[in-house]
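Asks: I would like to see how this sequence folds:
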Amino acid sequence: MKKIRLTMAQALLRFLDHQYVSVDGTESKFVKGVMGIFGHGNVTGIGEAIERSPGELSFIQGKNEQGMVHAATAFAKQKNRLQIYACTSSIGPGALNMVTAAATATVNRIPVLLLPGDNFASRQPDPVLQQLEVQSDYTISAVDAFKPVSKYWDRIVRPEQLMQAAIQAMRVLTDPAETGAVTLALPQDVQAEAFDYPESFFEKKVHYLDRRHPAPDALQRAARLIAKKQRPLIIAGGGVLYSGAMKELAAFAETFGIPVAETQAGKSSLPWNHPLNAGAVGVTGTLAANRLAAEADLIIGVGTRYSDFTTSSKSAFRSEEVQFVNVNVSAFDSHKLGGVSLTCDAQVGLEGLRHALVELDYHASYESSEVAALKQQWDTEVDRLYAAEHEDGLAQTRALGVINESLGDTDIIVCAAGSLPGDLHRVWRSVMPKTYHMEYGFSCMGYEVSGAFGAALAEPDKDVYAILGDGSYLMLHSELVTSIQEGRKITVLLLDNHGYQCIHNLQRGHGSDGFGNEFRYRNGQNGGLTGSYMPIDFSAHARSMGAAAYKATTAEELKDALLQAKNERGTTLIEIAVVPGTNTGGYESWWNVGVPEVSVSDKVTKAHKEMKETIDSVNLI
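Replies: Now for the predicted structure:
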């Protein structure tokens, strides 16, 4: 057996550089490169390996550890989970900065490989700078915090352990049912220790992502249940897009006359103007989709994990006859809500169901004009929202209308948190798949700018727009600089509404007068945050980092700024002043957030009573 002597870090990079995936006969390189911020815990180990022995792996310098992991997550999401970046950090605060982003990837079922530095395995010297000392268990380090947010976690305390750990890491990263954040903790001394690795460890490895076919009996059970139902509704989740099952979804819906509703991750599975696309469902849903969901006697969930926003806290489906058929590559998700489980790839699952139902001569019982009428009613409402005027300035829905009408069909928007995900889910008109990039599994504030950079890395020939509020921008905007450094243009559309207005609205809707959610000056030394709004010049801030920047306070100014931004060669920010509270409403949806049963405020106890009445009145599943 031939061997080659390498440090553990060098061996890890060489291994990653030879990993490939194959889907439907198409083979591609799995690891594009490494994003990193160096510190004493990784610079002389994996840092030396990246500098001297990168192979074909590229390196991108992050500016914030959380931000670079968000960028890697967005890259993998836009690549349909078929290519990734690894992310490396030092120990202590550098590593812990990645934990939030690790959870974001795992919740969204997106592969990302995290390589944080760790304490000396030798414990000499000890304690090292930034080391967390747990006196009751000295084997614990800061990197143990990744365990609950990782789908696979390992610590490499001897260089030869890499061989087993790397194989298991790849197993999870390339498994569509198990994927998420994978963490390999790398003690800083072990990174630099050498071992005689067998050359076979570095041979090209192809991971075949074979489409999982449904069990024949499960397929027949699902088909028999569907055949008994009159008013089914399809809920298309992110699994439709990851599977590339858009054509199969359209064919299935059209063959049987079944309307389709979309989750945040599934939006753009069908064009917005498809006759059977009822739009967003749930808390952030359209009136059309929510009314269809309320009356449905069957929900066919395809690639959805049924979050509380999708199910309106399990109140969306109000028919006493409602049952579920769940098509999902993950058994964990396909068994939810007591449904008939079809654990398989979305594409082959929909194909199999379509053939089985054709043999049963099935067709849904909707009146020919029913779905069209609901859709037309909603389209008219979106037109109204897009044209909405406000005496105090630019309404948020008007701004989104201008943006939607100005962007091209292939342009990509990226969003994650605040009131914008609700508005975009309801009113954004997507034409092409994968142009609506929403991180709403974790709804992580600060994902947007980093995510736009990651999407731009994945789709260099398309224009990418981050749409976010001022609150999210203040949380995390560091990778705007990285986009400039890498020459990957993104356009940041910053809607300034003076604070966390989404939560401000939620707060006031449940008995509060509004507290702690707007960016206001303190009213006197002992007063509350009730003074005037803080004037923040976001465009000046962007220009200070090297971006082009514009301001817009009217629809016409916004149209002009979008046109000018399109012609800019590099990263650009448009600061858009919008009137607080001019977002969309609930459209017959409900969200259970929990309201205090006891309060000194009558408004709060009244809101609690109303919440209890709603719980008692709906068919909670």
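Asks: Tell me who's in contact with the residue nearest to the spatial centre of the chain.
Replies: Centroid-nearest residue in the chain, with C-alpha atoms, centre = their mean: E439, separated by 2.3 Å. Neighbour list for E439: 73-74, 77, 104, 108, 414-416, 447, 451 [criterion: C-beta atoms under 8 Å, 6 or more residues apart in numbering]. Any C-beta I mention is one placed from the backbone N, CA and C, and that applies to glycine too.
Asks: switch the cut-off to 10 Å
Replies: 70, 73-74, 77, 104-105, 107-108, 110, 264-265, 414-417, 421, 447-448, 450-451 (C-beta atoms under 10 Å, 6 or more residues apart in numbering).
Asks: Which ones among those map onto helices?
Replies: 70, 73-74, 77, 104-105, 107, 421, 447-448, 450-451 (DSSP state H).
Asks: Pipe these into TSV and attach pLDDT per row.
Replies: Formatted as TSV, those follow (pLDDT from 0 to 100):
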residue	pLDDT
H70	98
T73	98
A74	98
K77	98
T104	98
A105	98
V107	98
P421	96
Y447	98
E448	98
S450	98
G451	98
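Asks: Just put the residues you listed in TSV and tack on neighbour count and distance to L132.
Replies: Formatted as TSV, the ones in helices among the contacts of E439 follow (neighbours: other C-beta atoms under 10 Å; distance: C-beta to C-beta, whole Å):
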residue	neighbour count	distance to L132
H70	34	24
T73	31	25
A74	35	29
K77	28	31
T104	28	23
A105	34	23
V107	19	25
P421	22	35
Y447	35	27
E448	35	31
S450	35	26
G451	32	29
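Asks: ok, of those residues, which one's closest to A565?
Replies: E448 (16.0 Å; C-beta to C-beta).
Asks: Distance check, that closest one against A105.
Replies: E448 sits 16 Å away from A105, taking C-beta to C-beta, to the nearest Å as the criterion.
Asks: cool, Q66 as well?
Replies: From Q66 across to A105, the span is 11 Å (C-beta to C-beta).
Asks: Correct me if wrong: S53 contacts I4.
Replies: No - counting by C-beta atoms under 10 Å, S53 does not reach I4; the two are 11.3 Å apart.
Asks: buried stuff in stretch 540-548?
Replies: Buried residues in stretch 540-548, counted by 16 or more other C-beta atoms under 10 Å: 541-542, 547-548.
Asks: Name the nearest of those residues relative to T139.
Replies: H541 (43.7 Å).
Asks: Quick check: L241 vs T255, distance?
Replies: Taking C-beta to C-beta, one finds L241 at 21 Å from T255.
Asks: One more: L493?
Replies: 39 Å.
Asks: For the residue nearest to A145 when sequence neighbours are not counted, grab the count of nearby residues.
Replies: Leaving aside its sequence neighbours, A145 sits nearest to V99 (C-beta to C-beta, 6 or more residues apart in numbering; 5.4 Å). Neighbour count for V99, taken as other C-beta atoms under 10 Å: 23.
Asks: I figured V99 was touching W153, is that so?
Replies: No - using C-beta under 10 Å, V99 is not in contact with W153, being 11.9 Å away.
Asks: okay, and the common contacts of these two?
Replies: Common neighbours of V99 and W153 (C-beta under 10 Å, 6+ apart) are 114, 143, 146, 181, 183.
Asks: farthest-separated two in these?
Replies: Once C-beta to C-beta is applied, those give V143 and A181 as the farthest pair, at 12.4 Å.
Asks: Show me which of these two is the more surrounded one.
Replies: A181 (31 against 28).
Asks: And the more buried one, its phi and psi?
Replies: phi -70, psi 130 (degrees, to the nearest 10).
Asks: what does L114 give?
Replies: According to degrees, to the nearest 10, L114 has phi -110, psi 130.
Asks: per-residue pLDDT, it?
Replies: With respect to pLDDT, L114 has a value of 98.
Asks: What is the neighbour count of it?
Replies: Look at L114: counted by other C-beta under 10 Å, it has 29 neighbours.
Asks: Show me where the stretch 351-500 of the chain has its strands.
Replies: 412-415, 436-438, 464-469, 491-496 (DSSP state E, counting those that start in this stretch).
Asks: Show me the one of those strands that comes nearest S341.
Replies: Ranking these by distance to S341, with C-beta to C-beta as the measure, places strand 436-438 first at 26.4 Å.
Asks: To L374, which of the strands of the stretch 351-500 of the chain lies closest?
Replies: Nearest to L374, of the strands of the stretch 351-500 of the chain and by C-beta to C-beta, is strand 436-438 at 21.2 Å.
Asks: Direction included, what does the closest one pair against?
Replies: strand 412-415 (parallel) (DSSP bridges).
Asks: coming back round to it: quick one: the residue nearest to the centre of the chain from S544, how far?
Replies: Taking C-beta to C-beta, one finds E439 at 27 Å from S544.
Asks: what's the answer for S53, then?
Replies: 37 Å.
Asks: Kindly report the same for L132.
Replies: 35 Å.
Asks: With Y465 instead?
Replies: In terms of C-beta to C-beta, Y465 sits 21 Å off from S544.
Asks: And V34, by the same measure?
Replies: Distance from V34 to S544, by C-beta to C-beta: 29 Å.
Asks: Point out where this structure drops to low pLDDT.
Replies: 619-621 (pLDDT under 70).
Asks: ok, I60 touching A72?
Replies: Yes - I60 lies in contact with A72 (C-beta under 10 Å); the separation is 8.9 Å.
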